[in-house]
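1. Sequence first, then the predicted structure:
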There are 2 protein chains.
Amino acid sequence: MDFPSKLIEEAVNQVSKLPGIGKKTALRLVLHLVKEKPESTFALTEALASLRANIKFCTKCHNISDAGTCSICQSHRRDRSIICVVEDTKDVMAIENTAQYNGLYHVLGGVISPINGIGPSELKIESLVTRITQNAEETKEVILALSPTMEGDTTSFYIHKKIKELPVKISVISRGVPIGGDLEYADEITLGRSISGRTLFS
Amino acid sequence: MDFPSKLIEEAVNQVSKLPGIGKKTALRLVLHLVKEKPESTFALTEALASLRANIKFCTKCHNISDAGTCSICQSHRRDRSIICVVEDTKDVMAIENTAQYNGLYHVLGGVISPINGIGPSELKIESLVTRITQNAEETKEVILALSPTMEGDTTSFYIHKKIKELPVKISVISRGVPIGGDLEYADEITLGRSISGRTLFS
């Protein structure tokens, strides 16, 4: 691409580093900003820079938080006997949206992925072990709620290996055909798993 | 959406104002920035803020430019007798990429769109008329290269009305079936136009 301006080129290069945004989309976004009032761009850059400079993580569950301890870890209404292990903040938000879970979380900050150079030490796994050990009285169950992908499964196995000797129940979210989905469009592996993992009709 | 942090919420709100980016995508992008080094975010915000603060437009053709006059308007190799009227910088870049055009441009900065509150006075149409009048000796042809949409056509008609008395040839880019496209997938209007607008086989 030949850009009419170095400023545009640099902005497009930076924006296209974002995941899922190519050069064409980046150019569209950048030209949109040029068309709008300068204040729109400054509001955007200010929000992002302030976010990145001031973001904090909960010291207990490692979820993003405005304070030292997040609102979920602080709440007295949550069931402190269950810890749900998730990959990142998006998953906490997704599970909170279901309104089906009232326990605590533990945010790993990713999953084991050798291709991307992410090993167990990059994740908050040791911190999970420490957390369970230190709250042994309180913690009854750990739910592994990672994505049903190769990386997610690897991470689940690794965590299971690390905590299986501890006196907690370890569970994993169920896998099967998605609700509302047509059976004929489910892939073979999912459908197979949903049959082998069938539960009693109730 | 319930956000775990006000900083995240504000960043998502700002990012989702960009065209084609909803709350979910915005959250994904924002969480990506939080995962990366702070420097990545600051490089992005710096590039965008600097772009918006320092962007200049060519005084002749209104294309984005680093100097007062853009490289195309300054070039001695371009054919100064033709002016190609386009909507924005993206279109200049697209036409330049074809390597089929060696004239000058005139960037309107949009098209007439009453729904979005854009009338002729918001666009660089008067400036086009002045430019043709002032360079009457030099300018032989004006090519209207706007998108074949209702807004683009309206703008073409408007410009045509404004400049038809001036001593220049006015042309419009050809419309028809896209090259490489299968005839059966072309819509009826395009196919109809490509028949009524047929040219001699050569």
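-> On my side now, so go ahead.

2. Please list all residues in contact with the residue nearest the centre of chain A.
-> Centroid check for chain A by Cα atoms, centre = their mean gives residue A:88 as the closest residue, at 2.0 Å. Taking Cβ atoms under 8 Å, 6 or more residues apart in numbering or on different chains, we find residue A:88 in contact with A:107, A:108, A:109, A:110, B:31, B:35. No exception for glycine: its C-beta is placed from N, CA and C like everyone else's.

3. now the lowest-mean-pLDDT helix or strand in chain A: how far from the chain's centre is it?
-> Using mean pLDDT, DSSP states H and E, helix A:188-196 stands out as the lowest-scoring helix or strand of chain A, at a mean of 83. Taking Cα atoms, centre = their mean, to the nearest Å, one finds helix A:188-196 lying 25 Å from the centre of the chain it belongs to.

4. List every C-alpha atom in it, with coordinates, as PDB.
-> What follows is helix A:188-196, C-alpha atoms only, in PDB (Å, rounded to 0.1, in the frame of the first residue of the first chain):
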ATOM      1  CA  GLU A 188     -18.900 -35.400  14.800                       C
ATOM      2  CA  ILE A 189     -16.600 -35.000  17.700                       C
ATOM      3  CA  THR A 190     -19.000 -32.900  19.700                       C
ATOM      4  CA  LEU A 191     -21.900 -35.200  18.900                       C
ATOM      5  CA  GLY A 192     -19.800 -38.200  19.800                       C
ATOM      6  CA  ARG A 193     -18.800 -36.700  23.100                       C
ATOM      7  CA  SER A 194     -22.400 -35.800  23.800                       C
ATOM      8  CA  ILE A 195     -23.400 -39.400  23.400                       C
ATOM      9  CA  SER A 196     -20.500 -40.900  25.400                       C
END
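
5. Buried residues of it, list them for me.
-> Residues of helix A:188-196 classed as buried by neighbour count (16 or more other Cβ atoms under 10 Å in any protein chain shown): A:193, A:194.

6. Quick one: residues in contact with that helix.
-> For helix A:188-196, contacts defined as Cβ under 8 Å, 6+ apart pick out A:175, A:176, A:177, A:183, A:186.

7. want to throw the contacts of residue A:88 into a markdown table with secondary structure, pLDDT and neighbour count?
-> Conversion of the contacts of residue A:88 to a markdown table gives the following (DSSP: H, G, I helix; E, B strand; the rest coil; pLDDT from 0 to 100; neighbours: other Cβ atoms under 10 Å in any protein chain shown):
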| residue | secondary structure | pLDDT | neighbour count |
| --- | --- | --- | --- |
| A:107 | strand | 96 | 26 |
| A:108 | coil | 96 | 23 |
| A:109 | coil | 93 | 19 |
| A:110 | coil | 92 | 16 |
| B:31 | helix | 92 | 19 |
| B:35 | helix | 88 | 13 |
